[in-house]
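In: need a 3D model of the sequence below.
(4 chains)
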Number of protein chains: 2
Amino acid sequence: MTEPIKKKYRASPFLRRGGAKPKRAERLLTVALELFSKSDFSAVSIKKIADEAGVNSSLIYYYFDSKEILFQAALERAVLQTLQNYEMLRERHNNPAELISDWFDTHIVLAEPIKKLVKIMLDYSTSGTQHEVIDSIIYQFYKEESQLLSASIEWGIKLDLFNAVDPLRAARLASTFLDGAMTRALIMPTLDVAEVINDLKDVFWEHLGYDPTSKSKGCQQPVHHLLS
Amino acid sequence: MTEPIKKKYRASPFLRRGGAKPKRAERLLTVALELFSKSDFSAVSIKKIADEAGVNSSLIYYYFDSKEILFQAALERAVLQTLQNYEMLRERHNNPAELISDWFDTHIVLAEPIKKLVKIMLDYSTSGTQHEVIDSIIYQFYKEESQLLSASIEWGIKLDLFNAVDPLRAARLASTFLDGAMTRALIMPTLDVAEVINDLKDVFWEHLGYDPTSKSKGCQQPVHHLLS
DNA sequence: GTCTATATGCAGATAGAC
DNA sequence: GTCTATCTGCATATAGAC
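Out: Alright, predicted model coming up:
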(Lines give C-alpha, C1' and ligand atoms only; values in the text may rest on other atoms or scores of the structure.)
Protein backbone atom coordinates (compact mmCIF):
# COMPACT_ATOMS: atom_id res chain seq x y z
CA MET A 1 0.00 0.00 0.00
CA THR A 2 2.80 2.39 0.73
CA GLU A 3 3.92 3.18 -2.74
CA PRO A 4 7.35 4.58 -3.33
CA ILE A 5 7.16 8.31 -3.14
CA LYS A 6 7.91 9.85 -6.45
CA LYS A 7 9.10 13.36 -6.90
CA LYS A 8 8.88 16.20 -9.43
CA TYR A 9 6.75 19.28 -9.11
CA ARG A 10 7.51 18.73 -5.51
CA ALA A 11 8.02 22.42 -5.00
CA SER A 12 5.57 23.54 -2.39
CA PRO A 13 6.04 27.23 -3.12
CA PHE A 14 3.52 26.89 -5.86
CA LEU A 15 2.36 29.63 -8.03
CA ARG A 16 5.52 31.51 -7.45
CA ARG A 17 3.99 34.66 -8.78
CA GLY A 18 5.92 36.15 -11.63
CA GLY A 19 8.10 33.11 -11.87
CA ALA A 20 8.29 31.58 -15.31
CA LYS A 21 6.00 28.73 -14.48
CA PRO A 22 5.18 26.25 -17.16
CA LYS A 23 1.76 27.14 -18.49
CA ARG A 24 1.10 23.60 -19.49
CA ALA A 25 1.59 22.34 -15.96
CA GLU A 26 -0.81 24.96 -14.64
CA ARG A 27 -3.35 24.05 -17.25
CA LEU A 28 -2.97 20.38 -16.40
CA LEU A 29 -3.45 21.08 -12.73
CA THR A 30 -6.62 23.02 -13.39
CA VAL A 31 -8.08 20.32 -15.57
CA ALA A 32 -7.00 17.63 -13.13
CA LEU A 33 -8.67 19.35 -10.18
CA GLU A 34 -11.80 19.75 -12.20
CA LEU A 35 -11.94 16.09 -13.17
CA PHE A 36 -10.79 14.70 -9.82
CA SER A 37 -13.54 16.63 -8.12
CA LYS A 38 -16.17 15.45 -10.55
CA SER A 39 -15.26 11.81 -10.45
CA ASP A 40 -12.81 10.11 -8.16
CA PHE A 41 -9.16 9.32 -8.39
CA SER A 42 -9.33 5.94 -10.02
CA ALA A 43 -12.20 6.87 -12.27
CA VAL A 44 -10.23 9.68 -13.86
CA SER A 45 -7.76 8.41 -16.39
CA ILE A 46 -4.58 10.14 -17.36
CA LYS A 47 -5.79 10.09 -20.89
CA LYS A 48 -8.99 11.91 -19.98
CA ILE A 49 -7.04 14.64 -18.28
CA ALA A 50 -4.72 14.93 -21.25
CA ASP A 51 -7.60 14.99 -23.72
CA GLU A 52 -9.39 17.65 -21.74
CA ALA A 53 -6.22 19.71 -21.61
CA GLY A 54 -5.67 19.18 -25.30
CA VAL A 55 -2.31 17.45 -25.01
CA ASN A 56 -0.96 13.98 -25.40
CA SER A 57 -1.23 11.76 -22.36
CA SER A 58 2.49 11.12 -22.27
CA LEU A 59 3.16 14.77 -21.69
CA ILE A 60 1.68 14.48 -18.24
CA TYR A 61 4.59 12.27 -17.27
CA TYR A 62 6.95 14.94 -18.36
CA TYR A 63 5.56 17.28 -15.73
CA PHE A 64 4.41 14.83 -13.08
CA ASP A 65 6.01 11.58 -12.14
CA SER A 66 2.78 9.75 -11.62
CA LYS A 67 -0.95 10.12 -11.41
CA GLU A 68 -0.70 10.39 -7.65
CA ILE A 69 1.80 13.19 -7.83
CA LEU A 70 -0.53 15.01 -10.18
CA PHE A 71 -3.43 14.50 -7.78
CA GLN A 72 -1.33 15.70 -4.89
CA ALA A 73 -0.24 18.81 -6.78
CA ALA A 74 -3.82 19.62 -7.77
CA LEU A 75 -5.00 19.26 -4.19
CA GLU A 76 -2.15 21.34 -2.87
CA ARG A 77 -2.93 24.09 -5.34
CA ALA A 78 -6.62 24.10 -4.42
CA VAL A 79 -5.87 24.30 -0.72
CA LEU A 80 -3.33 27.06 -1.15
CA GLN A 81 -5.72 29.12 -3.21
CA THR A 82 -8.41 28.74 -0.60
CA LEU A 83 -5.96 29.70 2.11
CA GLN A 84 -5.09 32.79 0.12
CA ASN A 85 -8.75 33.69 0.19
CA TYR A 86 -8.75 33.37 3.94
CA GLU A 87 -5.71 35.56 4.15
CA MET A 88 -7.39 38.24 2.09
CA LEU A 89 -10.42 37.97 4.33
CA ARG A 90 -8.26 38.57 7.31
CA GLU A 91 -6.68 41.65 5.86
CA ARG A 92 -9.91 43.10 4.61
CA HIS A 93 -11.72 43.51 7.88
CA ASN A 94 -11.17 45.27 11.11
CA ASN A 95 -14.34 43.98 12.66
CA PRO A 96 -14.88 40.37 13.72
CA ALA A 97 -18.57 40.25 12.86
CA GLU A 98 -17.96 41.50 9.36
CA LEU A 99 -15.11 39.11 8.90
CA ILE A 100 -17.19 36.13 9.93
CA SER A 101 -20.09 37.30 7.84
CA ASP A 102 -17.78 37.63 4.89
CA TRP A 103 -16.44 34.18 5.55
CA PHE A 104 -19.94 32.74 5.22
CA ASP A 105 -20.60 34.78 2.08
CA THR A 106 -17.35 33.61 0.57
CA HIS A 107 -18.57 30.05 0.90
CA ILE A 108 -21.67 31.00 -1.04
CA VAL A 109 -19.81 32.74 -3.82
CA LEU A 110 -17.04 30.18 -3.99
CA ALA A 111 -19.30 27.21 -3.41
CA GLU A 112 -18.17 25.50 -6.59
CA PRO A 113 -14.42 25.44 -5.98
CA ILE A 114 -14.90 24.71 -2.31
CA LYS A 115 -17.16 21.80 -3.13
CA LYS A 116 -14.40 20.49 -5.35
CA LEU A 117 -11.93 20.84 -2.55
CA VAL A 118 -14.12 19.02 -0.06
CA LYS A 119 -14.82 16.25 -2.51
CA ILE A 120 -11.19 15.77 -3.38
CA MET A 121 -10.10 15.78 0.26
CA LEU A 122 -12.75 13.24 1.03
CA ASP A 123 -11.63 10.99 -1.77
CA TYR A 124 -8.09 11.15 -0.60
CA SER A 125 -8.90 10.57 3.05
CA THR A 126 -11.07 7.58 2.38
CA SER A 127 -8.78 6.07 -0.21
CA GLY A 128 -6.67 4.36 2.39
CA THR A 129 -3.41 5.60 0.95
CA GLN A 130 -1.37 8.00 2.98
CA HIS A 131 1.15 10.58 1.98
CA GLU A 132 2.76 12.84 4.49
CA VAL A 133 2.62 15.80 2.17
CA ILE A 134 -1.08 15.56 1.44
CA ASP A 135 -1.87 14.84 5.06
CA SER A 136 -0.10 17.95 6.15
CA ILE A 137 -1.77 20.03 3.45
CA ILE A 138 -5.21 18.98 4.64
CA TYR A 139 -4.25 19.40 8.25
CA GLN A 140 -2.97 22.90 7.59
CA PHE A 141 -6.14 23.81 5.75
CA TYR A 142 -8.41 23.04 8.65
CA LYS A 143 -5.99 24.51 11.13
CA GLU A 144 -5.92 27.82 9.31
CA GLU A 145 -9.68 27.86 8.98
CA SER A 146 -10.08 27.13 12.64
CA GLN A 147 -7.62 29.84 13.57
CA LEU A 148 -9.29 32.41 11.38
CA LEU A 149 -12.67 31.72 12.91
CA SER A 150 -11.74 31.21 16.52
CA ALA A 151 -9.53 34.27 16.56
CA SER A 152 -12.37 36.33 15.19
CA ILE A 153 -14.79 34.96 17.71
CA GLU A 154 -12.40 35.62 20.55
CA TRP A 155 -11.87 39.10 19.25
CA GLY A 156 -15.64 39.70 19.13
CA ILE A 157 -15.98 38.47 22.67
CA LYS A 158 -13.34 40.90 23.84
CA LEU A 159 -15.16 43.70 22.07
CA ASP A 160 -18.27 42.55 23.88
CA LEU A 161 -20.02 42.01 20.58
CA PHE A 162 -20.46 38.28 21.16
CA ASN A 163 -21.43 36.02 24.03
CA ALA A 164 -18.56 34.41 25.87
CA VAL A 165 -18.76 31.11 24.01
CA ASP A 166 -15.86 28.72 23.64
CA PRO A 167 -14.14 30.11 20.54
CA LEU A 168 -12.62 26.85 19.38
CA ARG A 169 -15.83 24.91 19.68
CA ALA A 170 -17.87 27.60 18.02
CA ALA A 171 -15.35 27.76 15.20
CA ARG A 172 -15.52 24.03 14.75
CA LEU A 173 -19.27 24.18 14.70
CA ALA A 174 -19.38 26.74 11.92
CA SER A 175 -16.66 25.05 9.95
CA THR A 176 -18.25 21.63 10.26
CA PHE A 177 -21.57 22.99 9.20
CA LEU A 178 -20.06 24.50 6.10
CA ASP A 179 -18.63 21.12 5.23
CA GLY A 180 -22.14 19.79 5.58
CA ALA A 181 -23.55 22.40 3.26
CA MET A 182 -20.93 21.51 0.67
CA THR A 183 -21.52 17.80 1.10
CA ARG A 184 -25.25 18.15 0.81
CA ALA A 185 -24.86 20.29 -2.27
CA LEU A 186 -22.69 17.60 -3.81
CA ILE A 187 -25.23 14.91 -3.05
CA MET A 188 -28.27 16.95 -4.04
CA PRO A 189 -27.27 19.38 -6.77
CA THR A 190 -30.65 21.06 -6.59
CA LEU A 191 -29.96 22.35 -3.10
CA ASP A 192 -29.83 26.11 -2.75
CA VAL A 193 -26.50 26.49 -0.98
CA ALA A 194 -26.98 30.19 -0.38
CA GLU A 195 -30.22 29.58 1.45
CA VAL A 196 -28.77 26.93 3.71
CA ILE A 197 -25.69 28.95 4.51
CA ASN A 198 -27.75 32.01 5.30
CA ASP A 199 -29.88 29.95 7.65
CA LEU A 200 -26.76 28.81 9.39
CA LYS A 201 -25.47 32.32 9.61
CA ASP A 202 -28.62 33.38 11.42
CA VAL A 203 -28.34 30.54 13.89
CA PHE A 204 -24.68 31.27 14.41
CA TRP A 205 -25.34 34.93 15.19
CA GLU A 206 -28.05 33.78 17.54
CA HIS A 207 -25.55 31.53 19.25
CA LEU A 208 -23.05 34.35 19.55
CA GLY A 209 -25.78 36.67 20.76
CA TYR A 210 -25.03 39.06 17.98
CA ASP A 211 -27.60 41.12 16.13
CA PRO A 212 -26.36 41.57 12.57
CA THR A 213 -28.95 44.21 11.72
CA SER A 214 -27.70 46.54 14.38
CA LYS A 215 -24.31 47.24 12.97
CA SER A 216 -24.67 46.40 9.32
CA LYS A 217 -22.70 48.74 7.14
CA GLY A 218 -24.18 47.33 4.00
CA CYS A 219 -23.15 44.04 2.56
CA GLN A 220 -19.67 44.21 1.18
CA GLN A 221 -18.92 42.04 -1.78
CA PRO A 222 -17.06 38.98 -0.60
CA VAL A 223 -13.52 38.44 -1.74
CA HIS A 224 -13.00 36.28 -4.77
CA HIS A 225 -9.80 34.80 -5.84
CA LEU A 226 -11.33 32.34 -8.17
CA LEU A 227 -10.04 28.85 -8.15
CA SER A 228 -9.42 27.86 -11.72
CA MET B 1 -22.37 7.48 -20.38
CA THR B 2 -25.87 6.12 -20.10
CA GLU B 3 -25.10 2.46 -19.79
CA PRO B 4 -27.76 -0.09 -20.53
CA ILE B 5 -29.59 -0.83 -17.37
CA LYS B 6 -29.00 -4.34 -16.29
CA LYS B 7 -31.30 -6.24 -14.03
CA LYS B 8 -31.21 -8.94 -11.36
CA TYR B 9 -31.53 -8.36 -7.66
CA ARG B 10 -33.77 -5.67 -8.87
CA ALA B 11 -36.32 -6.48 -6.21
CA SER B 12 -36.75 -3.38 -4.12
CA PRO B 13 -38.58 -5.14 -1.31
CA PHE B 14 -35.23 -6.04 0.08
CA LEU B 15 -34.68 -7.90 3.21
CA ARG B 16 -38.05 -9.46 2.95
CA ARG B 17 -37.95 -10.58 6.52
CA GLY B 18 -38.38 -14.27 6.91
CA GLY B 19 -38.08 -14.75 3.21
CA ALA B 20 -35.53 -17.32 2.14
CA LYS B 21 -32.97 -14.82 1.02
CA PRO B 22 -29.67 -16.07 -0.30
CA LYS B 23 -27.12 -15.75 2.44
CA ARG B 24 -24.30 -15.34 0.00
CA ALA B 25 -25.95 -12.35 -1.62
CA GLU B 26 -26.43 -10.72 1.77
CA ARG B 27 -22.85 -11.39 2.67
CA LEU B 28 -21.68 -9.93 -0.61
CA LEU B 29 -23.78 -6.83 -0.08
CA THR B 30 -22.30 -6.32 3.35
CA VAL B 31 -18.76 -6.68 2.12
CA ALA B 32 -19.47 -4.49 -0.89
CA LEU B 33 -20.87 -1.69 1.22
CA GLU B 34 -17.88 -1.87 3.47
CA LEU B 35 -15.42 -1.65 0.62
CA PHE B 36 -17.32 0.88 -1.45
CA SER B 37 -17.43 3.16 1.54
CA LYS B 38 -13.74 2.78 2.26
CA SER B 39 -12.56 3.36 -1.25
CA ASP B 40 -14.59 4.44 -4.21
CA PHE B 41 -16.47 2.64 -6.90
CA SER B 42 -13.76 2.25 -9.46
CA ALA B 43 -11.06 1.59 -6.89
CA VAL B 44 -12.89 -1.43 -5.56
CA SER B 45 -12.48 -4.43 -7.77
CA ILE B 46 -14.92 -7.27 -8.06
CA LYS B 47 -12.11 -9.59 -7.12
CA LYS B 48 -11.43 -7.69 -3.90
CA ILE B 49 -15.05 -7.98 -2.89
CA ALA B 50 -15.07 -11.66 -3.72
CA ASP B 51 -11.83 -12.28 -1.83
CA GLU B 52 -13.10 -10.43 1.20
CA ALA B 53 -16.30 -12.44 1.10
CA GLY B 54 -14.34 -15.63 0.65
CA VAL B 55 -15.83 -16.62 -2.67
CA ASN B 56 -14.73 -16.72 -6.25
CA SER B 57 -15.12 -13.49 -8.17
CA SER B 58 -17.28 -15.12 -10.80
CA LEU B 59 -19.89 -15.91 -8.24
CA ILE B 60 -20.71 -12.25 -7.93
CA TYR B 61 -22.02 -12.34 -11.47
CA TYR B 62 -24.32 -15.12 -10.52
CA TYR B 63 -26.08 -12.86 -8.02
CA PHE B 64 -25.57 -9.46 -9.61
CA ASP B 65 -25.51 -8.65 -13.27
CA SER B 66 -22.74 -6.12 -12.98
CA LYS B 67 -20.60 -4.17 -10.61
CA GLU B 68 -22.99 -1.27 -10.85
CA ILE B 69 -25.97 -3.38 -9.93
CA LEU B 70 -24.04 -4.63 -6.92
CA PHE B 71 -23.23 -1.08 -5.91
CA GLN B 72 -26.81 -0.05 -6.34
CA ALA B 73 -28.05 -2.96 -4.24
CA ALA B 74 -25.57 -2.19 -1.49
CA LEU B 75 -26.59 1.44 -1.40
CA GLU B 76 -30.25 0.58 -1.40
CA ARG B 77 -29.75 -1.78 1.50
CA ALA B 78 -27.84 0.81 3.51
CA VAL B 79 -30.49 3.43 2.98
CA LEU B 80 -33.32 1.09 3.85
CA GLN B 81 -31.62 0.04 7.04
CA THR B 82 -31.11 3.64 8.04
CA LEU B 83 -34.73 4.40 7.26
CA GLN B 84 -35.73 1.51 9.47
CA ASN B 85 -33.80 3.13 12.27
CA TYR B 86 -35.73 6.32 11.72
CA GLU B 87 -38.97 4.40 11.81
CA MET B 88 -38.03 2.83 15.12
CA LEU B 89 -37.13 6.25 16.42
CA ARG B 90 -40.55 7.49 15.49
CA GLU B 91 -42.31 4.68 17.26
CA ARG B 92 -40.21 4.87 20.35
CA HIS B 93 -41.03 8.36 21.46
CA ASN B 94 -44.07 10.29 22.37
CA ASN B 95 -42.19 13.50 22.98
CA PRO B 96 -40.62 15.61 20.20
CA ALA B 97 -37.65 16.78 22.26
CA GLU B 98 -36.73 13.24 23.20
CA LEU B 99 -37.15 12.07 19.66
CA ILE B 100 -34.87 14.75 18.29
CA SER B 101 -32.37 14.16 21.03
CA ASP B 102 -32.43 10.48 20.26
CA TRP B 103 -31.94 11.27 16.58
CA PHE B 104 -28.73 13.12 17.39
CA ASP B 105 -27.55 10.34 19.67
CA THR B 106 -28.28 7.78 17.01
CA HIS B 107 -25.88 9.59 14.74
CA ILE B 108 -23.22 9.29 17.39
CA VAL B 109 -23.75 5.61 18.00
CA LEU B 110 -24.22 4.76 14.36
CA ALA B 111 -21.57 7.14 13.12
CA GLU B 112 -19.68 4.41 11.32
CA PRO B 113 -22.47 3.06 9.12
CA ILE B 114 -23.85 6.53 8.50
CA LYS B 115 -20.44 7.74 7.44
CA LYS B 116 -20.37 4.87 4.98
CA LEU B 117 -23.74 5.86 3.68
CA VAL B 118 -22.77 9.49 3.21
CA LYS B 119 -19.55 8.54 1.49
CA ILE B 120 -21.22 6.13 -0.86
CA MET B 121 -24.00 8.58 -1.74
CA LEU B 122 -21.40 11.21 -2.42
CA ASP B 123 -19.45 8.92 -4.68
CA TYR B 124 -22.54 8.08 -6.62
CA SER B 125 -23.74 11.64 -6.92
CA THR B 126 -20.45 12.96 -8.13
CA SER B 127 -19.77 10.05 -10.45
CA GLY B 128 -21.72 11.59 -13.27
CA THR B 129 -23.70 8.46 -13.94
CA GLN B 130 -27.38 8.47 -13.25
CA HIS B 131 -29.78 5.71 -12.44
CA GLU B 132 -33.38 6.42 -11.70
CA VAL B 133 -33.50 3.80 -9.00
CA ILE B 134 -30.52 5.10 -7.06
CA ASP B 135 -31.64 8.68 -7.50
CA SER B 136 -34.99 7.88 -6.01
CA ILE B 137 -33.43 5.95 -3.14
CA ILE B 138 -31.28 8.92 -2.18
CA TYR B 139 -34.14 11.31 -2.65
CA GLN B 140 -36.36 9.22 -0.43
CA PHE B 141 -33.71 9.03 2.23
CA TYR B 142 -33.44 12.77 2.65
CA LYS B 143 -37.17 13.22 2.33
CA GLU B 144 -37.84 10.82 5.16
CA GLU B 145 -35.19 12.39 7.32
CA SER B 146 -36.61 15.82 6.68
CA GLN B 147 -40.10 14.64 7.48
CA LEU B 148 -39.07 12.99 10.71
CA LEU B 149 -37.34 16.12 11.90
CA SER B 150 -39.72 18.78 10.69
CA ALA B 151 -42.74 16.90 11.98
CA SER B 152 -41.10 16.63 15.38
CA ILE B 153 -40.23 20.29 15.41
CA GLU B 154 -43.73 21.26 14.41
CA TRP B 155 -45.08 19.02 17.10
CA GLY B 156 -42.82 20.63 19.68
CA ILE B 157 -43.96 24.05 18.61
CA LYS B 158 -47.58 23.06 19.05
CA LEU B 159 -46.79 21.75 22.52
CA ASP B 160 -45.15 25.11 23.16
CA LEU B 161 -41.89 23.38 23.94
CA PHE B 162 -40.07 25.08 21.07
CA ASN B 163 -39.91 28.52 19.55
CA ALA B 164 -42.02 29.05 16.48
CA VAL B 165 -39.20 28.49 14.01
CA ASP B 166 -39.71 27.36 10.42
CA PRO B 167 -39.81 23.57 10.85
CA LEU B 168 -38.55 22.74 7.38
CA ARG B 169 -35.63 25.10 7.55
CA ALA B 170 -34.69 24.02 11.05
CA ALA B 171 -34.87 20.39 9.98
CA ARG B 172 -32.64 21.09 7.01
CA LEU B 173 -30.20 22.87 9.25
CA ALA B 174 -29.85 19.96 11.63
CA SER B 175 -29.71 17.43 8.86
CA THR B 176 -27.11 19.38 6.91
CA PHE B 177 -24.99 19.80 9.97
CA LEU B 178 -25.02 16.10 10.61
CA ASP B 179 -23.79 15.55 7.07
CA GLY B 180 -21.01 17.95 7.91
CA ALA B 181 -20.08 16.04 11.03
CA MET B 182 -19.92 12.83 9.03
CA THR B 183 -17.92 14.47 6.25
CA ARG B 184 -15.46 15.99 8.66
CA ALA B 185 -15.07 12.69 10.44
CA LEU B 186 -14.31 11.05 7.12
CA ILE B 187 -11.71 13.64 6.27
CA MET B 188 -10.16 13.80 9.72
CA PRO B 189 -10.49 10.41 11.36
CA THR B 190 -9.20 11.80 14.63
CA LEU B 191 -12.26 14.00 15.05
CA ASP B 192 -14.41 13.24 18.06
CA VAL B 193 -17.80 12.93 16.38
CA ALA B 194 -19.66 12.70 19.66
CA GLU B 195 -18.24 15.98 20.83
CA VAL B 196 -19.14 17.82 17.64
CA ILE B 197 -22.64 16.42 17.53
CA ASN B 198 -23.24 17.29 21.16
CA ASP B 199 -22.12 20.83 20.47
CA LEU B 200 -24.59 21.02 17.66
CA LYS B 201 -27.32 19.62 19.82
CA ASP B 202 -26.78 22.41 22.32
CA VAL B 203 -26.92 25.05 19.64
CA PHE B 204 -30.00 23.48 18.16
CA TRP B 205 -31.83 23.47 21.49
CA GLU B 206 -30.77 27.06 21.88
CA HIS B 207 -32.25 27.82 18.49
CA LEU B 208 -35.49 26.08 19.39
CA GLY B 209 -35.52 27.84 22.75
CA TYR B 210 -35.64 24.52 24.52
CA ASP B 211 -33.94 23.72 27.79
CA PRO B 212 -32.98 20.05 27.74
CA THR B 213 -32.11 19.94 31.44
CA SER B 214 -35.60 20.91 32.48
CA LYS B 215 -37.45 17.88 31.26
CA SER B 216 -34.76 15.26 31.03
CA LYS B 217 -36.07 11.87 32.04
CA GLY B 218 -32.63 10.34 31.95
CA CYS B 219 -30.84 9.56 28.77
CA GLN B 220 -32.41 6.66 27.02
CA GLN B 221 -30.17 4.43 25.03
CA PRO B 222 -30.49 5.30 21.38
CA VAL B 223 -31.92 2.76 19.02
CA HIS B 224 -29.51 0.55 17.18
CA HIS B 225 -30.30 -1.55 14.27
CA LEU B 226 -26.76 -2.03 13.32
CA LEU B 227 -25.79 -1.73 9.74
CA SER B 228 -23.45 -4.64 9.46
C1' DG C 1 -24.41 -22.66 -6.69
C1' DT C 2 -19.68 -22.50 -7.14
C1' DC C 3 -15.70 -23.04 -9.42
C1' DT C 4 -11.65 -22.76 -13.49
C1' DA C 5 -10.29 -20.79 -17.50
C1' DT C 6 -10.26 -17.23 -20.51
C1' DA C 7 -11.74 -13.32 -23.72
C1' DT C 8 -11.30 -8.56 -24.14
C1' DG C 9 -10.16 -4.04 -23.19
C1' DC C 10 -8.16 -0.23 -21.16
C1' DA C 11 -5.19 1.95 -17.71
C1' DG C 12 -0.67 3.58 -16.06
C1' DA C 13 3.69 4.08 -17.43
C1' DT C 14 8.20 4.06 -20.44
C1' DA C 15 11.35 4.52 -24.67
C1' DG C 16 12.69 7.15 -27.90
C1' DA C 17 11.97 10.03 -32.35
C1' DC C 18 11.37 14.78 -33.54
C1' DG D 1 8.64 20.06 -24.83
C1' DT D 2 5.68 17.25 -27.30
C1' DC D 3 4.60 13.46 -29.74
C1' DT D 4 4.11 8.06 -31.47
C1' DA D 5 4.52 3.51 -30.31
C1' DT D 6 4.47 0.07 -27.12
C1' DC D 7 5.06 -2.78 -22.75
C1' DT D 8 2.73 -4.69 -18.89
C1' DG D 9 -0.74 -5.74 -15.91
C1' DC D 10 -5.10 -5.83 -14.08
C1' DA D 11 -10.22 -5.21 -14.36
C1' DT D 12 -14.81 -6.51 -15.91
C1' DA D 13 -17.23 -9.93 -17.67
C1' DT D 14 -18.39 -14.60 -19.96
C1' DA D 15 -18.32 -19.75 -21.07
C1' DG D 16 -18.76 -23.76 -19.40
C1' DA D 17 -17.30 -27.84 -16.26
C1' DC D 18 -18.67 -29.81 -11.88
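
In: nearest to chain B: which residue in chain A?
Out: Nearest residue of chain A to chain B, counting by C-beta to the nearest C-beta: residue A:180, 2.4 Å away. C-beta here means a position set from N, CA and C on the backbone, and glycine is covered the same way.

In: so that residue is in contact with residue B:172, correct?
Out: No: the pair residue A:180 and residue B:172 does not pass the contact test of C-beta atoms under 8 Å, sitting 10.3 Å apart.

In: hmm, back to that, now the residue of chain A closest to chain B, nearest residue through space, not along the chain?
Out: residue B:180 (2.4 Å; C-beta to C-beta, 6 or more residues apart in numbering or on different chains).

In: what does residue A:86 give?
Out: In space, not counting the residues next to it along the chain, residue A:86 is nearest to residue A:148; the distance is 5.3 Å by C-beta to C-beta, 6+ apart.

In: still on that earlier bit, pLDDT wise, what is the residue nearest to residue A:180 at?
Out: Looking at residue B:180, its pLDDT reads 98.

In: the residue of chain A closest to chain B in helix, strand or coil?
Out: Classification of residue A:180 using DSSP: H, G, I helix; E, B strand; the rest coil returns helix.

In: number of residues surrounding it?
Out: When neighbours are defined as other C-beta atoms under 10 Å in any protein chain shown, residue A:180 has 27 of them.

In: so what's it up against?
Out: Residue A:180 is in contact with B:176-181, B:183, counting by C-beta atoms under 8 Å, 6 or more residues apart in numbering or on different chains.

In: below-threshold pLDDT in chain A: ranges please.
Out: Screening chain A residue by residue with the criterion pLDDT under 70, one finds the ranges A:1-22, A:215-228.

In: contact residues of it facing DNA strand C?
Out: Taking C-beta under 7 Å from any atom of the strand as the contact definition, chain A meets DNA strand C at A:42, A:44-48, A:57-58, A:61, A:65-68.

In: farthest pair in those residues?
Out: Using C-beta to C-beta, the two most remote members of the residues of chain A next to DNA strand C are A:42 and A:58, lying 20.1 Å apart.

In: how about residue A:78: what's its closest non-neighbour residue?
Out: Distances taken as C-beta to C-beta, 6+ apart place residue A:117 nearest to residue A:78, at 4.9 Å, with adjacent residues excluded.

In: helix/strand/coil for the one you found?
Out: Classification of residue A:117 using three-state DSSP returns helix.

In: residue A:210 now?
Out: Under the three-state scheme (three-state DSSP), the conformation of residue A:210 reads as coil.

In: isn't it up against residue A:159?
Out: No: with the criterion set as C-beta under 8 Å, residue A:210 and residue A:159 do not qualify as a contacting pair; they are 10.5 Å apart.

In: which one's more surrounded, those two?
Out: Set side by side, residue A:210 and residue A:159 give different neighbour counts by other C-beta under 10 Å, the larger being at residue A:210 (18 against 11).

In: so what's the more buried one up against?
Out: Residue A:210 sits next to A:97, A:156, A:161-163 when contact means C-beta under 8 Å, 6+ apart.

In: can you pull out the helices in chain A?
Out: For chain A, the helices defined by DSSP state H cover A:23-38, A:46-53, A:57-63, A:67-92, A:96-109, A:111-126, A:132-158, A:167-187, A:193-208, A:212-215.

In: the fourth one vs helix A:23-38, what angle?
Out: If you take axes from the mean of the first three to the mean of the last three C-alpha atoms, to 10 degrees, helix A:67-92 sits at 90 degrees to helix A:23-38.

In: quick revisit: looking at residue A:42 and residue A:58, which is more packed in?
Out: residue A:42 (16 against 10).

In: show me the contacts for the nearest residue to residue A:175 once chain neighbours are set aside.
Out: Across the structure, with C-beta to C-beta, 6+ apart as the measure, the residue nearest residue A:175 apart from its sequence neighbours is residue A:145 (5.5 Å). Listed by C-beta under 8 Å, 6+ apart, the contact set of residue A:145 reads A:86, A:171, A:175.

In: ok, residue A:150 next?
Out: By C-beta under 8 Å, 6+ apart, the contact list for residue A:150 reads A:167-168, A:170-171.

In: now, which of these sits nearest DNA strand C?
Out: Distance ranking of these against DNA strand C, using C-beta to the nearest atom of the strand, places residue A:171 first at 37.7 Å.

In: count of residues packed around that closest one?
Out: Using other C-beta under 10 Å, residue A:171 has 22 other residues around it.

In: repeat that for the one 5 residues further on.
Out: Other residues within reach of residue A:176, judged by other C-beta under 10 Å, total 25.

In: and residue A:36, what does it touch?
Out: Taking C-beta under 8 Å, 6+ apart as the contact definition, residue A:36 lies against A:44, A:71, A:74-75, A:120, A:123.
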